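J.: give the three-dimensional model of this entry:
(2 chains)
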Amino acid sequence: MKLLIVDDSSIMRRTIEKNLGDYNLEIIGTASNGNAALEIVKEKKPDVITLDITMPEMDGITCLENIMEIHPSAKVMIITALSDKLTGLKALDKGARGFMYKPVNAEDLKKAFDKLLKRQE
Amino acid sequence: MLNNLKENEIEVATKLINGGLAMAKSSMEQILQSPITLKKVAFGIDKEDVSKFRSEADNVSLIKTELMGDLKGSCFLVFSESDVEKINKACLPADILNDDSPESKMMILGFLTEIDNMVAAAVITEFANFLGVDIFGNVPSLHVLNKNKVNEFLANETTSFDSVIHFKAIFKGEELDISPDFIWIFNEKFMDKIKEVL
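T.: Numbering: from 1, shown residues only, chains lettered A, B, ... in the order given. Okay, here's the model as predicted:
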């Protein structure tokens, strides 16, 4: 399965990449904003996407809406520092399949991915 | 208008702010993997008090997050040079710290804004849930400033507001010896929202 990591923090991108190393995921790209992510989605059609919300140029919620238009079968896991109810509801309403709060630790990330990928099978 | 606040309004605002700061403290502990306490929490409504920052360090890293949505305001997380050094050493892998490439340098600077992003979001979440408002933080921006320029910077941040409510806290590392300042300013709408939930 192809994975795209979208986060404006290079440390976060590295953390996610490192902690998902055990999974059978091919990291096909990383992006630091929504616009760059959409280019990769159009071209490479990733199966799974981790998506931050607070990003420059295009925020994660707008990016999610666009992803669902161009590649609706993508499984999107939101990974964000914003954990208020409204943001969570908005993300799920727009098509996110999972939601995680920063700071993330390896264990929680793996649990969330276990759930997400099991759902996909 | 902020001078006419009732006691119960101040009480609820204080409780909310303390709740937000407790979440921020917990978030910072998780990021730094080290115990943190909150020192010197202060509230006020005088604009002039916002720009009374003091630092022993010559330069500071100030990270600003602008509040977007139903409430207007900003928050500032301010680290001294030595705070930054200690945090990087404690939290970042040696291969990044020892690498002189522009990518690693960007990663090191980006780590501070990511800390601010998470700590500010903890407070924003608490406020959004309690007040039932749609608020979120803009992308944080990092400003490395001489200590003499910080108060000028903070004073400029209040000019667009007729009146402000502000609060300041100092996080103190128990094991990691750091003491960043955490400063918030809101316009008067913050208290209007408090009144609405009462």
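J.: give me the low-pLDDT residue ranges for chain B?
T.: Filtered on pLDDT under 70, chain B yields the residue ranges B:1-3.
J.: hmm, try it at 80
T.: For chain B, applying pLDDT under 80 flags the ranges B:1-5, B:40.
J.: got the residues of it near chain A?
T.: B:27, B:30-31, B:92, B:103, B:106-107, B:110-111, B:113-114, B:117-118, B:120-122, B:124-125, B:128-129, B:134, B:136-139 (CB under 8 Å from any CB of the partner chain). Quick note: C-beta positions are derived from backbone N, CA and C, even for glycine.
J.: just the buried subset of the residues you listed, please.
T.: Those of the residues of chain B next to chain A that meet the buried threshold are B:27, B:30-31, B:107, B:110-111, B:113-114, B:117-118, B:120-122, B:124-125, B:128, B:136-138, by 16 or more other CB atoms under 10 Å in any protein chain shown.
J.: show me the residues you listed that map onto helices.
T.: Counted as lying in helices by DSSP state H, out of these, are B:27, B:30-31, B:107, B:110-111, B:113-114, B:117-118, B:120-122, B:124-125, B:128.
J.: for B:Asn88, give its distance to A:Gly98.
T.: Distance check for B:Asn88 against A:Gly98: by CB to CB, to the nearest Å, it reads 31 Å.
J.: higher neighbour count, those two?
T.: Of the pair B:Asn88 and A:Gly98, A:Gly98 is the one with more neighbours under other CB atoms under 10 Å in any protein chain shown, namely 20 against 15.
J.: partner residues bridging the more buried one?
T.: Beta bridges link A:Gly98 to A:Met77, judged by DSSP bridges.
J.: ok, it - contacts?
T.: By CB atoms under 8 Å, 6 or more residues apart in numbering or on different chains, the residues touching A:Gly98 are A:Lys75, A:Val76, A:Met77, A:Ile78, A:Ala112, A:Lys115, A:Leu116.
J.: between the residues you listed, which sits nearest chain B?
T.: Minimum distance to chain B across those is 12.8 Å, recorded for A:Ile78 (CB to the nearest CB).
J.: wait, doesn't the closest one sit right on A:Lys90?
T.: No. At 9.7 Å, A:Ile78 does not count as touching A:Lys90 under the criterion of CB atoms under 8 Å.
J.: OK, contacts around residue 19?
T.: If you meant another chain, say so; for now it's chain A. A:Asn19 neighbours (CB under 8 Å, 6+ apart): A:Val104, A:Ala106, A:Leu109, A:Lys110.
J.: please refer instead to chain B.
T.: Contacts of B:Gly19 (CB under 8 Å, 6+ apart): B:Glu126, B:Phe130.
J.: element containing A:Ile16, please.
T.: Using DSSP states H and E, A:Ile16 maps to helix A:10-19.
J.: hang on, the earlier thing: filter the contacts of A:Asn19 to the buried ones?
T.: Neighbour-count burial (16+ other CB under 10 Å) applied to the contacts of A:Asn19 gives A:Val104, A:Leu109.
J.: between the contacts of A:Asn19, which is closest to B:Glu56?
T.: Nearest to B:Glu56 out of these is A:Val104 (CB to CB; 34.1 Å).
J.: chain A against chain B: which residues are in contact?
T.: For chain A, the residues in contact with chain B (CB under 8 Å from any CB) are A:8-12, A:14, A:53-56, A:80-87, A:102-103, A:105.
J.: which of those count as buried?
T.: If we count by 16+ other CB under 10 Å, these have these buried: A:8-12, A:14, A:53-55, A:80-84, A:86-87, A:102-103.
J.: thinking again about what came up before, with pLDDT, neighbour count and distance to B:Lys168 added, can I get the contacts of A:Gly98 in a markdown table?
T.: Formatted as a markdown table, these follow (pLDDT from 0 to 100; neighbours: other CB atoms under 10 Å in any protein chain shown; distance: CB to CB, whole Å):
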| residue | pLDDT | neighbour count | distance to B:Lys168 |
| --- | --- | --- | --- |
| A:Lys75 | 96 | 20 | 42 |
| A:Val76 | 97 | 26 | 38 |
| A:Met77 | 96 | 23 | 36 |
| A:Ile78 | 96 | 26 | 32 |
| A:Ala112 | 91 | 17 | 35 |
| A:Lys115 | 89 | 13 | 40 |
| A:Leu116 | 89 | 17 | 40 |
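J.: good, we can wrap up now.
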